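# Just the structure for this:
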Amino acid sequence: MSSGRLQVRIKRVCSRKRSRDVQKTHLTPVRKQGRGGGGSPPRPPCRRSSSVMAEPPAVEYCSDGEDLFGDYDSILEDSSILAKLDDADQHERLRSEKLQSFGTPQPSEGRVSQSPEGCVADPAADELEVNALEDLPPSQLQFQEQIQGRAKKSRLQVRNQISTPSHSVGEITEAAGGADSDDADQRPSKATRRVSDLLKRTMLHNAASPVGVSRITVLKEAVVSEEISVAMQAMETISAETTDLGPFFGLPSKVKELMHKLRGIQSLYDWQETCLNLDCVQQRRNLIYSLPTSGGKTLVAEILILRELLCRRKDCLFILPYISLVQEKVRGLARFGLELDFMVEEYAGSKGRFPPVKRRNRRSLYVATIEKAHSLVNSLIETGRLENLGLVVVDELHMLGDGSRGAAIEMTLAKVQYMSKATQIIGMSATLGNITDLQTFLGAENYSNDFRPVQLKEYVKLNDTIYEVDPKEENCFRFSRMLNVKYSSSMQKIDPDHIIALVTEVIPVHSCLVFCPTKKNCENVAGMICKYLKKDFLLHREADKATLLRALKDGGNGSMCPVLRNVVPYGVAYHHSGLTSEERKLVEEAYSSGVLCLLACTSTLAAGINLPARRVILRSPYVATDFLKRSQYKQMVGRAGRAGIDTVGESILILQEKDRNMAKELVCAPMENCYSNLMQEDGKGVLSLILSLIGLNIASSLQQIEEFLSGTLLFVQQQQLCVDRSLRDVVQQCVDLLRGKDLIAVAEADALGPTLQITKLGRAAYKGSVDLTYCDVLYKDLSKGLEGLLLNSYLHLVYLVTPYDLIPQCKPDWIIYFRQFTLLSASEQKMASAVGVPESFVARKAAGQTVKKNMDLVVVKRMYLALVLFSLLKETNVWSVAERFQLSRGFVQTLLSSASAFCSCVLHFTEELEELWPFKALLVELTQRLSYCVNDKLIPLMEVAGVLEFRAKQLYNAGYKTLTHLANADPAVLCRTVENLYKKQADLMVASAKMLLNEKASALQEEVDELLSLPADLPPQL
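I've put the predicted structure just below:
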């Protein structure tokens, strides 16, 4: 029959069969009896059964393919029906024997009853009929109908030949047949046995092959066989696109259980369910969705990622703007990876492999910063593996308009769209004024919602009056209340904006964030608040605050910020980039756990890790000297209101009268527009893009480059951004510049025009992700360095990998410079002189004398920064180095992290240039040293996401000296052993260690498999 008319419903797709809680019999397949290797070989997946006999050895009937009929269990899986038939036979034999022994049959109570029709009914048969046959498949229901029809006909015949229902069995049989008493006594037993035998035989035939049954039964069996065949074919054709593995948005129930267990999430918000059920999501089209801060955007992205990893078996890329967010997400998803069998790989700073390890049996989630994501996509394109990337998720998609980082996002997404039509792109964005431009760029649909789990009330404070923000009002502000404060005259001078009064309305019971315009102002505000807080604040969680102070001191190797020492006992701290990584992490953890109730912070906290508060106060509508942008304002006030804790969140913007009109535009104006940044800084983004397109063989002519650029946000917005010249002119100018820098060359012309080819230097530049502004300078410095490379010290190598972009921020203290210079060895001073920094120059500057000879100050400042890094490598103590060079400890740590990332770039740069081969081996070790800058024994522990030096020391001293130790630790024991470590942090740490250990082991196993595999191009063996 035609398969086109069949309605095929596939309930689920799974690689494992359901468990069967039934008794195993001789009809159960060999594999299910636990016999290893016995019986016949397995059948192909599309064959559901084979011939079954009673005597031969058991045969394996069922394949490992999924049961397409859902709750249907074959008769081969359950012998209860056949067992009941045997019991019925046995009962009839016993009854016949009893009837023969008594001579005259008597009515047997409980065995022969009166049916509603007046027929003789047998309870055993009734039970068999009602219970045993109720769940048979269609192929066996035909037989049931035949048996019921025959039984009914027989009963009618018997009823027509008897006068009353109370006749004995013997009289009934005599009236029916007139045979002798012996034959009559045995007839019921034979009849039942015939029914039993017929039922057994027919059911076995139905389960195996339809032999010797009616034509209707044969046709029904043919239909079932056809259905199975069509279903298997359908499953084979659509399995790649089927994403339904369970009831939780296509995911198994285990995912929902993990969400509840690990995140405490029992149900989704209505908007989240709506978003996940959108047609574009179900059909895997691109989507941009926009919600306010803290609306739950990330959870939707994580569910889509899990669906891609588990259902479609594709890799995923999650792009986040900051290293801290990447590490937080790696820790948070590691436990999901361990439970659901996928890898979570970190691509941030100097971490990440290019190209990533190719895994045969496991899928990977790459969590990457913006820059690392671009390099990762380049490596996947180069190795022809981009098709394995099923989903790209971009957090903070509105950062497309954020300088060079926005250009990197645009290049990444444009390449993914151009090279892989099967890769889905999901963007999470703040509300934008020109979201349609982004939709056009990505070919995406947009979903917007103004949902917040906690209501946000926005206020502004002007003098002593607090107004509620209301765009419907003519002046945008509506009177709310007067601030009733009783300040002394001295207190009024110190705190004219009444910050102390505003914060004490909520702390210490609730939390509060005070955003300040500068780093110094953060420290001043924290100190001022504590100066006037009551002594009762010192008693709130006093023991926990004492533990925090000890951790801060230990993290600074005995040193501690005096401001933190004074304010932490009150439950107050400050948070900005001037803190070390250890200090920031300890402060964040203490605030999240409620030990600290107030943070004075800069705007960077709002853009980074999520630290919500009951009340958010904006100390000023400025960031440094720049007036706030609406996106920045919304990001800050969005931190107000903690889901599950607060019923309402409040934000208060403190204004001066001069800022009133600008503040109206800030709080009531529509959101800003987002524009492409490929043309910023003299088209630096377009230059980098064109170079990588040629290097990756995506384009080799001007026409192909223009074709690619037609899929960028720049092309969508060219009327606004390319006013003076056309996009074609931009391309031509960029190609000429690249040729002038010797990064590309022009080969023979073809039908499309001149063929563009990348040079070795160009390939090194794009593979190393080196800024094209410094590309030629870096090559000259490295080449010159080889002429007299100093190998008995790290100083020369450190100088060569000191980042160029931090040089403008360097203002040397010449006395300190000279003092540190004189501490260098003779060979190190000679090296410094060779690169352009002689001792005489530094001595003259330290003495305050003028230097007539022109010196390259870029080289001089770079050497000063190199001395800072050199000291760090020798001492590994940020505090002492910062004090020695009179720099903030935050800047020193920023210098260190930037140097480690740049060192990794230089390493990839030198790998592409044969003449720079000595650096390949030398820079591997230096990259690791700069990445961690700790004692070598702590490096294995610091490889775990989020484990910093102080925590690594604690773990090492507690006996957890290797990654294997940490991966096998009990989190509960870890909490008791390590001070200031909470249970949740311990769980995340152990899960991250396990994931990293699995990743390392998996990479080694893949390498072993690759070595042992048979080469595909092996010549024929004669």
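# burial measure for V568, as a count.
When neighbours are counted by other Cβ atoms under 10 Å, V568 registers 24. (Glycine included, C-beta is placed from N, CA and C.)
# Would you agree it is in contact with T547?
No. V568 is not in contact with T547 according to Cβ atoms under 8 Å; the separation is 10.5 Å.
# distance of D270 from G295?
12 Å (Cβ to Cβ, to the nearest Å).
# Please name the residues that touch T602.
F515, C516, P517, T518, K519, C522, H575, H576, S577, V623 (Cβ atoms under 8 Å, 6 or more residues apart in numbering).
# try 7 Å
For T602, the contact set (Cβ atoms under 7 Å, 6 or more residues apart in numbering) comprises C516, K519, C522, H576.
# before we move on, what about G352?
E346, K372, L376.
# Am I right that the first one is in a strand?
Read it as E346. Yes. Counting by DSSP: H, G, I helix; E, B strand; the rest coil, E346 is found in a strand.
# Apart from its chain neighbours, what residue comes closest to it?
V330 (4.8 Å; Cβ to Cβ, 6 or more residues apart in numbering).
# For whichever strand or helix holds the one you found, which outside residues touch it?
Element membership for V330 (DSSP states H and E) is helix 323-340. Helix 323-340 is contacted from outside by 258, 262, 306, 310, 318, 320, 343-344, 346, 348-349, 365, 367-369, 608-609, 945-946, 988, 991-992, 994-995, using Cβ under 7 Å, 6+ apart.
# Name the residues of that helix that are buried.
Buried residues in helix 323-340, counted by 16 or more other Cβ atoms under 10 Å: 323-338, 340.
# swap in stretch 992-1000?
S992, A993, K994, M995, L996, L997, N998, E999.
# Ok, stretch 634-650 next?
Buried positions in stretch 634-650, judged by neighbour count with 16+ other Cβ under 10 Å: K634, Q635, M636, V637, G638, R639, A640, G641, R642, D646, G649, E650.
# State the next helix or strand along the chain beyond the helix or strand containing A921.
Using DSSP H and E, A921 sits in helix 918-932. Proceeding N to C from helix 918-932, the next assigned helix or strand is helix 939-942, under DSSP H and E.
# So what touches the very next helix or strand once past that following helix?
Note on helix 939-942: by DSSP H and E, the next helix or strand toward the C-terminus is helix 949-957. With Cβ under 7 Å, 6+ apart as the test, helix 949-957 has contacts from A551, D554, G555, E582, V934, K937, L938, L941, M942, L966, V978, E979.
# Swap in 6 Å and give it another go.
For helix 949-957, the surrounding residues in contact (Cβ atoms under 6 Å, 6 or more residues apart in numbering) are D554, G555, E582, V934, L938, L941, M942, V978.
# What is the helix or strand that contains the first one packed up against?
It refers to D554. Assessed by DSSP H and E, D554 sits inside helix 542-555. Secondary-structure packing of helix 542-555 (3 or more Cβ pairs under 6 Å, 6 or more residues apart in numbering; DSSP states H and E): helix 581-592.
# and the helix it packs on, how far out from the chain's middle?
23 Å (Cα atoms, centre = their mean, to the nearest Å).
# And that helix, what does it pack against?
Using 3+ Cβ pairs under 6 Å, 6+ apart, the elements in contact with helix 581-592 are helix 542-555.
# Would you map out the domains in the protein?
253-448, 455-668, 681-758, 759-933, 934-1011 (the TED database).
# what's the closest of those domains to L1018?
Nearest to L1018 among those is domain 934-1011 (14.3 Å), distances taken as Cβ to Cβ.
# which residues does A643 contact?
So A643 contacts P453, V454 (Cβ under 6 Å, 6+ apart).
# can you tell me how far it sits from T894?
A643 sits 32 Å away from T894, going by Cβ to Cβ.
# Show the residue spans covered by the helices in the stretch 701-850 of the chain.
702-709, 713-716, 718-721, 727-740, 760-767, 775-787, 795-800, 814-822, 826-835, 839-846 (DSSP state H, counting those that start in this stretch).
# I'd like the ones you listed laid out as a markdown table, including mean pLDDT and mean neighbour count.
Formatted as a markdown table, these follow (pLDDT from 0 to 100; neighbours: other Cβ atoms under 10 Å):
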| stretch | mean pLDDT | mean neighbour count |
| --- | --- | --- |
| helix 702-709 | 94 | 18 |
| helix 713-716 | 96 | 23 |
| helix 718-721 | 92 | 14 |
| helix 727-740 | 93 | 17 |
| helix 760-767 | 94 | 22 |
| helix 775-787 | 93 | 16 |
| helix 795-800 | 96 | 23 |
| helix 814-822 | 95 | 17 |
| helix 826-835 | 94 | 17 |
| helix 839-846 | 93 | 17 |
